[in-house]
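> this one's sequence-less:
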């Protein structure tokens with residue numbers, strides 16, 4: 001189980017997206033209806049009195065609830081429903097969170113997962129006129145206060161104020177969900193129905209493209225809905241126990257999957273795709289009209305794993321309550337990060353460790369934990385009481401999500417869209433996960449708004465979402481994973497580009513872009529554009545560095561030749577002597593610096 005808050009840490013050719021529209025049309029009668037319920041080999045016909053909604057959202061997190069609000073605002077009635085019926089329903093496995101004004105968000109701060117809302121998330125929330133509600137429930141973070149390893153005095157910290165165009169706001173994930181739930185219950189209660197404690201499994205995605213007379217049809221998506229009780233949840237999985245053996249069936253004209261790590265709809269898409277391809281012979285695979293690439297959920301191995309324990313901490317009044325506090329231990333054993341839960345100095349901190357660290361285990365010795373803090377983070381240790389240390393030592397560590405990408409398409413058939421964390425899962429170091437998920441909803445909304453005669457042409461939206469978002473989602477995962485490589489080589493791959501970008505951007509800002517973090521903060525720039533820009537920057541930086549080194553080498557060669565002629569010695573002897581002198585000077589300098597530090 002997730003035992004506490006998580007924190008928003010601020011600080012080749014592009015991928016080809018196939019034209020799935022032409023693929024889907026080409027398949028025509030060749031594609032059969034995909035039935036996903038085990039033991040069934042044909043489409044299940046609608047039952048009499050079967051529940052139907054214009055749209056169904058699977059997942060009641062921030063992206064799921066914002067999707068429901070978007071549908072209530074943008075989607076016209078698609079089906080003849082009774083006056084008392086709701087047009088949109090949201091299903092979620094978990095229980096609803098406390099309302100946003102509940103004191104638990106300040107009194108039990110380490111229980112809740114913190115999110116940082118940057119420009120991508122804020123722009124999406126503004127687009128649907130809910131930003132003011134979220135802003136009132138959040139806290140501004142204006143910069144960072146960092147301690148270098150080994151530095152623990154208050155005056156040793158370096159304060160870096162943010163120069164972002166948009167000030168980041170922080171709040172608990174459950175609090176954000178509570179705000180959006182409150183918006184739905186007050187503004188859209190006649191349109192949206194919220195159902196908690198339900199698992200949704202696809203029966204059919206409605207993929208039959210033609211009717212018996214050859215005309216296009218639009219069969220609805222069919223889903224099986226079961227009451228359930230959540231069993232466990234960590235960074236990558238969510239397990240649920242089915243409560244009854246009499247699940248209901250519902251149908252819809254439009255399905256949005258935003259179920260995060262559960263990834264139920266995406267996993268079903270993967271299974272259906274595998275079964276469909278198995279039933280096609282080798283000639284159909286090689287020469288058939290359909291050339292759509294296989295749908296896969298790519299699960300990257302986490303070769304740089306970190307776990308965390310959450311820590312409630314109250315900062316005194318003379319400490320700023322609108323900064324991100326950060327420190328690293330001398331031996332890189334642990335990292336301490338803290339963000340505000342409210343404006344009164346209540347912070348939620350994370351101690352990030354490796355999974356095999358004794359401090360990451362449950363029921364570790366609180367005295368050992370206290371000794372570690374006194375030795376590495378004494379500036380924070382004095383603010384933590386023995387009761388807090390005992391609680392932190394007692395609980396087990398939580399895992400961060402691993403990198404995942406579901407694609408290459410973000411749709412199934414003509415009525416299903418997947419978005420958010422179930423498509424592009426990244427670690428929360430750079431504040432891109434939740435923000436990009438909210439941005440997904442905005443982009444889908446803009447697509448829906450652009451479709452003429454929407455009641456008849458809603459089936460154009462899923463395909464268009466893939467065209468506009470799939471390459472960007474893949475780029476997001478690849479960029480984020482590239483900045484999380486293990487070992488010293490991984491550290492160099494992370495640090496060296498930041499140094500080079502900073503240097504070259506200062507010298508030639510019109511030619512070289514800012515660092516990757518700076519690119520993340522640019523509004524209106526996609527992840528594929530960031531990826532292409534950084535590749536171009538690396539190429540040009542390599543050319544400049546190679547030119548400089550070549551010039552230095554040529555100059556050094558000419559100088560040694562002149563010196564050798566003047567001394568009457570060979571060039572080899574002169575070059576060897578100069579190299580030995582430089583090595584000796586470097587050794588002496590290192591010894592002197594060590595002596596001064598001692």
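Okay, I see it. Computed from a predicted model, the values in this text were never measured in an experiment.

> buried set for stretch 332-346?
Within stretch 332-346, the residues scored as buried using 16 or more other C-beta atoms under 10 Å are 334-342, 345-346. For the C-beta atoms, the positions are set from N, CA and C on the backbone; glycine is no exception.

> ok, now which ones touch the residue most central in space within the chain?
The centroid of the chain falls nearest to residue 433 when counting by C-alpha atoms, centre = their mean (2.3 Å). Contact analysis of residue 433 by C-beta atoms under 8 Å, 6 or more residues apart in numbering lists 401, 421, 424-427.

> sorry, back to before: go through the buried residues of stretch 332-346 and say which is closest to residue 544.
If you rank the buried residues of stretch 332-346 by distance to residue 544 using C-beta to C-beta, residue 335 comes first, at 33.9 Å.

> Quick check: chain neighbours aside, which residue is closest to that closest one?
In space, and not counting its chain neighbours, residue 335 is closest to residue 352: 4.3 Å by C-beta to C-beta, 6 or more residues apart in numbering.

> Show me what the strand or helix carrying that neighbour is in contact with.
Following DSSP states H and E, one finds residue 352 within strand 346-353. Residues external to strand 346-353 that are found in contact with it (C-beta under 8 Å, 6+ apart): 4-7, 106, 109-110, 112, 114, 306-315, 325, 333-341, 359-360, 380, 392, 397.

> same thing with stretch 308-316?
The list of residues contacting stretch 308-316 from outside it, by C-beta under 8 Å, 6+ apart, reads 3-6, 108-111, 321, 325, 338, 345-353, 359-360, 380, 383-384, 388, 392, 395, 397-398, 400.

> centre of the chain versus that stretch, how much separation?
23 Å (C-alpha atoms, centre = their mean, to the nearest Å).

> quick one: average confidence on that stretch?
Mean per-residue pLDDT for stretch 308-316: 96.

> what's the answer for stretch 228-241, then?
Taken as a whole, stretch 228-241 has a mean pLDDT of 64.

> okay, how far is it across it, tip to tip?
Chord length of stretch 228-241, first to last residue, is 5 Å (C-alpha to C-alpha, to the nearest Å).

> Likewise for stretch 147-159?
Stretch 147-159 stretches 9 Å from its first residue to its last (C-alpha to C-alpha).

> Quick check: buried residues in that stretch?
By neighbour count with 16+ other C-beta under 10 Å, stretch 147-159 contains the buried residues 147, 152, 157.

> Same question for stretch 561-571.
For stretch 561-571, the neighbour count (16+ other C-beta under 10 Å) marks residue 564 as buried.

> Check stretch 155-175 too.
Across stretch 155-175, burial judged by 16+ other C-beta under 10 Å covers 157, 162, 164, 168-175.

> Could you name the helices and strands sitting against the helix or strand following the strand holding residue 352?
Downstream of strand 346-353, the first helix or strand assigned by DSSP H and E is helix 366-376. Applying 3 or more C-beta pairs under 8 Å, 6 or more residues apart in numbering; DSSP states H and E, we find helix 366-376 packed against helix 378-381, helix 386-394.

> switch the cut-off to 10 Å
Packing partners of helix 366-376 (3 or more C-beta pairs under 10 Å, 6 or more residues apart in numbering; DSSP states H and E): strand 346-353, helix 378-381, helix 386-394.

> and it, how far from the chain's centre?
The chain centroid and the centroid of helix 366-376 are separated by 32 Å, computed with C-alpha atoms, centre = their mean.

> I'd like to check what contacts that helix. Which residues are they?
Contact with helix 366-376 is made by 147, 149-150, 152, 309, 311, 327-331, 333-334, 336, 351, 353, 357-359, 364-365, 379-384, 386-394, as judged by C-beta atoms under 10 Å, 6 or more residues apart in numbering.

> rerun at 8 Å
152, 327, 329-330, 333-334, 358-359, 380-381, 384, 386, 389-390, 392-394.

> about what we covered before: could I get the average pLDDT for the strand holding residue 352?
The predicted model gives strand 346-353 an average pLDDT of 95.

> just stretch 404-418 next, same as before
In this model, stretch 404-418 has a mean pLDDT of 95.

> Can you give me the end-to-end span of that stretch?
End-to-end distance (C-alpha to C-alpha), stretch 404-418: 14 Å.

> winner for burial among the helices and strands packed on helix 366-376?
Comparing the helices and strands packed on helix 366-376 on average neighbours per residue, with mean count of other C-beta atoms under 10 Å, the densest one is strand 346-353 at a mean of 25.

> That strand pairs with which strands?
Sheet pairing of strand 346-353 (DSSP bridges) gives strand 307-314 (antiparallel), strand 335-340 (antiparallel).

> Just give me how far that strand sits from the chain centre.
For strand 346-353, the distance to the chain centre is 19 Å (C-alpha atoms, centre = their mean).

> before we move on, what about stretch 427-438?
Distance, centroid of stretch 427-438 to centroid of chain: 4 Å (C-alpha atoms, centre = their mean).

> By mean pLDDT, flag the weakest helix or strand of this structure.
Here the helix or strand of the chain ranked lowest by mean pLDDT, DSSP states H and E is helix 20-27, holding a mean of 34.

> State the phi and psi torsions of residue 102.
With angles defined as degrees, to the nearest 10, residue 102 sits at phi -70, psi 140.

> give me phi/psi at residue 116?
The phi/psi pair for residue 116 (degrees, to the nearest 10) reads phi -100, psi 120.

> Next: residue 343.
Dihedral angles phi and psi of residue 343 (degrees, to the nearest 10) take the values phi -90, psi 10.

> Distance of it relative to residue 484?
Residue 343 sits 32 Å away from residue 484, going by C-beta to C-beta, to the nearest Å.

> just the helices in the stretch 151-300 of the chain please.
Ranges of helices in the stretch 151-300 of the chain, per DSSP state H, counting those that start in this stretch, are 173-187, 264-278, 282-287.

> So which of those is the most surrounded?
Counting by mean count of other C-beta under 10 Å, helix 173-187 has the highest mean neighbour count of the helices of the stretch 151-300 of the chain, with a mean of 21.

> what separates that helix from the chain centre, distance-wise?
A distance of 21 Å separates the centroid of the chain from that of helix 173-187, by C-alpha atoms, centre = their mean.

> Show me what that helix is packed up against.
Packed next to helix 173-187, using 3+ C-beta pairs under 8 Å, 6+ apart, are helix 62-74, strand 114-117, helix 131-136, strand 192-196.

> List the neighbours of stretch 151-166 that are in contact with it.
Residues contacting stretch 151-166 (C-beta under 8 Å, 6+ apart): 10, 118-119, 122, 141-148, 168, 323, 327, 376-379, 521, 523.

> Which among those count as buried?
Looks like the contacts of stretch 151-166 have 10, 118-119, 122, 141, 143-147, 168, 323, 327, 376-377, 379, 521 buried, using 16+ other C-beta under 10 Å.

> Bridging across strands, which residues link to residue 298?
What pairs with residue 298, by the bridge criterion (DSSP bridges), is residue 405.

> Tabulate the helices and strands packed on helix 366-376 (a markdown table), appending distance to residue 534.
Formatted as a markdown table, those follow (distance: least, C-beta to C-beta, whole Å):
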| stretch | distance to residue 534 |
| --- | --- |
| strand 346-353 | 26 |
| helix 378-381 | 35 |
| helix 386-394 | 39 |
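
> which stretch among those comes nearest residue 438?
Closest to residue 438 of the helices and strands packed on helix 366-376, according to C-beta to C-beta: strand 346-353, at 21.1 Å.
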